[in-house]
Structure formats: C-alpha cells, structure tokens
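*Asks:* please work out how this folds:
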Amino acid sequence: MKALGIMGSPRIGGNTDTLLDEALRGAESQGAETEKIIVDRLKITPCREYYGCLRDGNCVIRDDMDGIYPRLLEADIVIVASPMFFYSVTAQVKALIDRCQALWARKYVLKQSPPNSARKGAFIAVGATKGKQLFDGSILIVRYFFQAIGVKYTDELLVRGVDKRDEIKEHPTALSDAFELGKRLARE
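*Replies:* Residues are numbered from 1 along each chain as shown. This is a model prediction of the structure:
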C-alpha cells in the first residue's frame with residue numbers, strides 16, 4: 001500500500017507540514033509505504049488551457065508535473081494538506097490540482113478507467129481564523145480533485161484558530177488526530 005502526501009504549505013516544518021507528517025506516520029504504522037511531495041519546491045506552470053490533454057490525456061506542458069502524475073495514479077492513499085489562504089488552498093496546491101485536468105480528461109473525455117477504484121483520500125487543512133465557512137470552498141476543490149483522479153474523499157482534519165509556527169503542537173488533539181487519520185486510511 002502506498003500513501004502519498006501532498007504538502008501545500010510554503011512553510012516547511014510549519015503547522016500543516018507537521019500534521020501531514022503525523023498522518024503519514026499513522027499510515028506507516030499500518031504498513032503503508034509513504035512519500036511526501038512538497039509542492040512549493042516544484043516548478044509547476046499553471047494550466048494554460050491548451051487542451052492537448054483532450055486528445056490523449058496528457059498535458060502538453062513539460063515541467064515537474066511530469067513526475068507527479070504517475071505518483072498520483074500509483075498511490076492507494078492521497079492526502080492533500082494545505083493552510084487556508086483567503087478561505088482556499090494555497091496557489092501551489094491549486095496549480096497542481098488544475099494541472100490534473102489531464103487526468104480529468106482521461107476519465108471523462110477519453111473514458112479511461114482510473115487505476116484501483118478502492119483508492120482513498122483525505123484533506124488536512126489549518127486556518128488562522130475561526131470563520132464558520134473557512135474550509136467549505138477548499139473541501140469542494142479537494143473533493144472534485146479526488147473525483148478526477150479516481151480517489152474517494154473519505155476523511156478530513158480541519159483545524160481552526162492556528163497560525164503561528166509550531167502552534168499546532170499546543171493544540172490538545174491535532175497531532176494525535178492526524179496520526180489516527182493516517183491509520184484509518186491505511187487500514188484494509
């Protein structure tokens with residue numbers, strides 16, 4: 001079993017990164033092989049709507065997404081982790097998601113079945129404010145992203161009121177909640 005973590009925060013070692021690491025540790029505790037992609041370190045051009053993907057399911061833009069597509073398709077578990085920027089995922093994560101238009105085209109235009117239909121996904125999000133609708137838009141984005149790549153949205157960890165570096169470590173349950181999320185996803 002392979003678990004892929006997509007770390008969308010530009011703050012390496014920050015709150016979102018810490019929670020993703022804990023979730024991946026939880027998956028490892030159940031025997032999963034884990035990998036973490038730090039999106040901020042990649043060169044991902046935003047989708048340019050060239051629509052080359054409608055012909056064969058492949059994006060015509062050559063950049064670091066070339067190495068991401070196979071990892072997304074091989075993973076049994078996909079965890080997207082992002083802080084909230086203006087009530088949405090970061091631009092880095094959104095660029096990666098938008099470039100998965102190619103995988104959407106494979107599924108919906110070219111009628112190619114995604115890999116294993118039992119693939120599971122989760123969303124981890126951290127936001128500084130305590131707004132009632134803080135995560136609503138991002139949850140929709142991640143749900144549709146998972147749908148396009150053939151992953152079922154099965155779990156989430158949404159933490160409000162956390163912003164300062166390492167503040168997540170003071171949260172009473174966030175770290176154990178993240179670990180348990182990873183364990184749940186990796187259980188067969």
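
*Asks:* thought Lys36 was touching Asp21?
*Replies:* Yes: judged on Cβ atoms under 8 Å, Lys36 makes contact with Asp21 at a distance of 7.5 Å. All C-beta atoms are positioned from the backbone trio N, CA, C, and that covers glycine.

*Asks:* list the residues that contact both of those two?
*Replies:* By Cβ atoms under 8 Å, 6 or more residues apart in numbering, Lys36 and Asp21 have these common neighbours: Gly5.

*Asks:* where does the residue nearest the centre of the chain sit: helix, strand or coil?
*Replies:* The chain has Val80 as the residue nearest its centroid, 1.9 Å off, counting by Cα atoms, centre = their mean. Using DSSP: H, G, I helix; E, B strand; the rest coil, the structure places Val80 in strand.

*Asks:* low-confidence ranges, this structure, go.
*Replies:* 188 (pLDDT under 70).

*Asks:* helices of that one, residue ranges please.
*Replies:* 15-28, 53-56, 65-74, 91-98, 101-104, 136-149, 174-186 (DSSP state H).

*Asks:* who's in contact with Phe123?
*Replies:* Counted by Cβ under 8 Å, 6+ apart, Phe123 has contacts Ile79, Val80, Ala81, Ser82, Ser138, Ile139, Val142, Tyr153, Asp155, Glu156, Leu157, Leu158.

*Asks:* mind redoing it with 10 Å?
*Replies:* 6, 78-82, 89, 135, 138-139, 141-143, 145-146, 153-158, 181 (Cβ atoms under 10 Å, 6 or more residues apart in numbering).
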